[in-house]
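[1] got a predicted model here, sequence first, then my questions.
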Amino acid sequence: MSVKGTLKISASLMCADLRHLEDQLRQMEAAGLDWLHFDIMDGHFVPNFTFGPHFVQQVNAMSDLPCDVHLMVEHPDQYIPVFIEAGADIVVVHQEACTHLNRTLQLIRREGASPGVALNPATSLQTLDYVLDDVDLVLIMTVNPGFAGQKLVPATLDKIAHAYERLAETARDIDLQVDGNVSPENARKMCAAGANVLVAGSASVFRPGAAIAEATAELRRAAREGAASRGG
């Protein structure tokens, strides 16, 4: 088995209460969250704007949790060095945004971060066939990127399962991450299909009316149940 088995939850800061960010970071750490997920949007590749490298730098100074930076931008090579300098530990680029994907992934590793590649819901898994030696993480988008609060694209559950099978054939340990409406109910299905890294936002960890610790524990229980049903 070559998919990394350890369950990890990456908290999507786009859904956090930025007015009380330092307090929320302390709550995330106390809840046992594993990574901090930064959705970087440029208003071109996706129809929204979010954070820049200065925000990553500020958060990195306030927390020791690994920074999981998801670049939803055109021409990502221009931004990779500055986000890694700001503190990104993991940098994920979109296959759809990269003209020379191998070169981009190699740039991420050369600059000192772990490289990952993301696929939109309609993008074929076959586009990964010649880059798996260059990645530490594959991200399956379960919604079309750009906005929080969207409904799960149902076909992506089968896509996760097929990605799991494909990664299990490799000789490398590669995380299988999912992002988009990762509610406890959906997380159970995603982990049953083979995902081991959950990007958690408004459907779980930052769900309105729920404490971060309680919502995280609920999500982790559901994920473990899903993984156990697969035998993972």
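    That came through fine.
[2] could you pull out the strands in the protein for me?
    8-12, 35-41, 67-72, 90-94, 114-119, 137-141, 175-179, 197-200 (DSSP state E).
[3] give me the low-pLDDT residue ranges for this protein?
    1-4, 232 (pLDDT under 70).
[4] which residue ranges of it form helices?
    21-30, 53-62, 80-86, 101-110, 155-168, 184-193, 212-230 (DSSP state H).
[5] now do stretch 13-23: distance to the chain's middle.
    18 Å (CA atoms, centre = their mean, to the nearest Å).
[6] re earlier: mind putting the strands of the chain into a markdown table with distance to Leu21?
    (C-beta placed from N, C-alpha, C; glycine too.) A markdown table is the format used below for the strands of the chain (distance: least, CB to CB, whole Å):
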| stretch | distance to Leu21 |
| --- | --- |
| strand 8-12 | 11 |
| strand 35-41 | 11 |
| strand 67-72 | 14 |
| strand 90-94 | 20 |
| strand 114-119 | 24 |
| strand 137-141 | 24 |
| strand 175-179 | 21 |
| strand 197-200 | 16 |
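[7] still on that earlier bit, quickly compare the helices of the chain and say which is most buried.
    Highest mean neighbour count of the helices of the chain: helix 184-193, a mean of 23 (counted as mean count of other CB atoms under 10 Å).
[8] other SSEs contacting it?
    For helix 184-193, the elements it packs on are helix 155-168, strand 197-200, helix 212-230, judged by 3 or more CB pairs under 8 Å, 6 or more residues apart in numbering; DSSP states H and E.
[9] could I get those as JSON lines with distance to Leu125?
    Converted to JSON lines, those look like this (distance: least, CB to CB, whole Å):
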{"stretch": "helix 155-168", "distance to Leu125": "6"}
{"stretch": "strand 197-200", "distance to Leu125": "17"}
{"stretch": "helix 212-230", "distance to Leu125": "18"}
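[10] so for Ile108, which of these sits nearest?
    strand 197-200 (16.9 Å; CB to CB).
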